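Q: take this sequence and fold it.
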Amino acid sequence: MVASSLITPSPACNILLDLSSRSGQRPLVAVVVSLYNYADCILETLETVALQTLEGIQLVVVDDASTDLGAARVEGWLVEHQDCFCSVRLLQHQHNGGLAAARNTGFAATTTAWVWVQDADNPLAPRALEQSHRLAQCVDDQVAVVHPLLLTVPPMASPQVFQGEGRPWQQSIFAASNAVDAMALIRRSAWQEVGGYVHIPGGWEDYDFWCSLIDAGWSGVQCPQPLGCYSVHQDSMTAVTALPNVRGLEHLLKERHPWLTCVGGTTGTR
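A: Next comes the predicted model:
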């Protein structure tokens, strides 16, 4: 695969649900959840979004043409919990477009300056959005990402601190590997400036997105507290796509971002 030939799908989308709160409150932060065949855990994740201490959340769930009952379960849950949010939207691709397409559809449906990217299988701590949004109000105009520490949750093991380990956002760190998980608060205008997420066959769309932000002069800051969990399991995106294709992904990303040094060395995640 040649980097210049990459095409990000833009599937047609059905609006399954679009509800606004009766309070008329203006949203402060949007949460975009991409969903593909995670019917067994999506509601648990959404419960952690509903329990956020930050008021003023716009929730957008994008079902990427799942083949399970995830979309139906989410629709019922959103109707029941709509008063927890300023607005809720459930969108469904008419055909599967991949992770980048789902993230882009979600971003395009938001109206806030900052957007939290949420994976369907990873729960949040109750103050995740409040603390991240508070930090976002203090950063300079070139900061595009506020990223927290996360706890890994391996099967049958105790949680461990993951991603970043206290290191600041630095291009030199990203050159060797991906130091930031997908779950982060992102400035919407930065997403728009770089053209959104790009479909990377085999995975690593999020790593590529961080590199594109760096290429465009954007930076990020770390919220130095564990504010969510990263679930490690055999069905995760990393396990089923990226890991079996590491060498090809390294070469593809290095072609797109020549400053990367990960080819033949440490690899990125997600």
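Q: in the stretch 151-270 of the chain, where is pLDDT below threshold?
A: 153-167, 232-244, 263-270 (pLDDT under 70).
Q: can you list the residue ranges for helices in it?
A: In the stretch 151-270 of the chain, the helices defined using DSSP state H, counting those that start in this stretch lie at 171-176, 188-193, 205-215, 237, 246-256.
Q: for the third one, packing partners?
A: Taking 3 or more C-beta pairs under 8 Å, 6 or more residues apart in numbering; DSSP states H and E as contact, the helices and strands that helix 205-215 lies on are helix 99-108, strand 143-153, helix 171-176, strand 219-231, helix 246-256. Heads up, the C-betas are built off the backbone N, CA and C, glycines and all.
Q: alpha carbons of the last one, as PDB, please.
A: Spelled out, it's helix 246-256. Taking Å, rounded to 0.1, in the frame of the first residue of the first chain, the C-alpha atoms of helix 246-256 are listed here in PDB:
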ATOM      1  CA  VAL A 246       3.300  -4.300  12.300                       C
ATOM      2  CA  ARG A 247       6.100  -4.100   9.700                       C
ATOM      3  CA  GLY A 248       3.800  -3.000   6.800                       C
ATOM      4  CA  LEU A 249       2.200  -0.400   9.100                       C
ATOM      5  CA  GLU A 250       5.600   1.000  10.200                       C
ATOM      6  CA  HIS A 251       6.700   1.500   6.600                       C
ATOM      7  CA  LEU A 252       3.400   3.100   5.600                       C
ATOM      8  CA  LEU A 253       3.400   5.600   8.500                       C
ATOM      9  CA  LYS A 254       7.000   6.400   7.900                       C
ATOM     10  CA  GLU A 255       6.200   7.300   4.300                       C
ATOM     11  CA  ARG A 256       3.400   9.600   5.500                       C
END
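Q: for the remainder of this discussion, apply numbering that starts at 149.
A: Will do, 149 is the new start, and the previous item becomes helix 394-404.
Q: that older thread, and among the helices of the stretch 299-418 of the chain, the most buried is which?
A: helix 353-363 (a mean of 23; mean count of other C-beta atoms under 10 Å).
Q: gap between it and the chain center?
A: 12 Å (C-alpha atoms, centre = their mean, to the nearest Å).
Q: what angle separates that helix from strand 291-301?
A: Using axes from the mean of the first three to the mean of the last three C-alpha atoms, to 10 degrees, the direction of helix 353-363 lies 150 degrees away from that of strand 291-301.
Q: angle of helix 353-363 against helix 247-256?
A: Using the same axes, to 10 degrees: helix 353-363 against helix 247-256 is 60 degrees.
Q: okay, angle between helix 353-363 and helix 394-404 too, please.
A: Using the same axes, to 10 degrees: helix 353-363 against helix 394-404 is 20 degrees.
Q: ok, and what's touching helix 353-363?
A: Helix 353-363 is contacted by residues 246-248, 251, 292-293, 319, 322, 326, 328-330, 338, 342-343, 345-348, 367-368, 401, 404-405, 408, 416-418 when judged by C-beta atoms under 8 Å, 6 or more residues apart in numbering.
Q: could you export the helices and strands packed on helix 353-363 to CSV, including columns for distance to P175?
A: Compiled in CSV, these are given as follows (distance: least, C-beta to C-beta, whole Å):
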stretch, distance to P175
helix 247-256, 14
strand 291-301, 17
helix 319-324, 30
strand 367-379, 20
helix 394-404, 33
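Q: ok, back up a step: what's the closest of the helices of the stretch 299-418 of the chain to L176?
A: Evaluated over the helices of the stretch 299-418 of the chain, closeness to L176 peaks at helix 336-341, with 12.4 Å, by C-beta to C-beta.
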